[in-house]
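Participant: Okay, here's the prediction I keep looking at, along with the sequence it came from:
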Amino acid sequence: MPLYVRTLLITGVGEEPDDAARAHERHLQELRSAGKLRAAGRFAAGDGYLEILDVADRKEAESLARASPLVEQGLASWMLREWVELE
């Protein structure tokens, strides 16, 4: 299955994105449980996330990328790139 890297940069200000960020982390737990998440982490500055999605195709990756509460609430910008793991 192809891998995709999703980066989310939080664009909300102050405490505005806090609830959505907690919901996003629950979203990541659900993806991990479903076998759709290879790795994930938060940027040290607290301004976003980087995740590696393990999905069937780009359509599924885009669907999952848009499903983040941060994206749904307009509190983050995102980018999705296909990623090739070096062996």
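Facilitator: Here it is on my side, so go on.
Participant: and stretch 35-46, C-alpha only, in CSV?
Facilitator: In CSV, the C-alpha atoms belonging to stretch 35-46 read as follows (Å, rounded to 0.1, in the frame of the first residue of the first chain):
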residue,chain,number,x,y,z
GLY,A,35,-4.0,0.2,10.7
LYS,A,36,-4.0,3.4,8.6
LEU,A,37,-1.3,5.3,10.5
ARG,A,38,2.4,4.3,10.2
ALA,A,39,3.7,7.1,12.4
ALA,A,40,2.7,10.5,13.8
GLY,A,41,4.1,13.3,15.9
ARG,A,42,3.5,16.8,17.0
PHE,A,43,6.0,19.7,16.2
ALA,A,44,7.9,20.8,19.2
ALA,A,45,6.6,24.3,18.9
GLY,A,46,3.0,23.0,19.2
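Participant: Any idea how far it is from the middle of the chain?
Facilitator: Its chain's C-alpha centre and that of stretch 35-46 lie 7 Å apart, by CA atoms, centre = their mean, to the nearest Å.
Participant: Quick one: the helices in the chain, in order.
Facilitator: Secondary structure of the chain, counting by DSSP state H: helices at 18-33, 58-66, 69-72.
Participant: any chance of the ones you listed in TSV, with mean pLDDT too?
Facilitator: Formatted as TSV, the helices of the chain follow (pLDDT from 0 to 100):
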stretch	mean pLDDT
helix 18-33	96
helix 58-66	96
helix 69-72	96
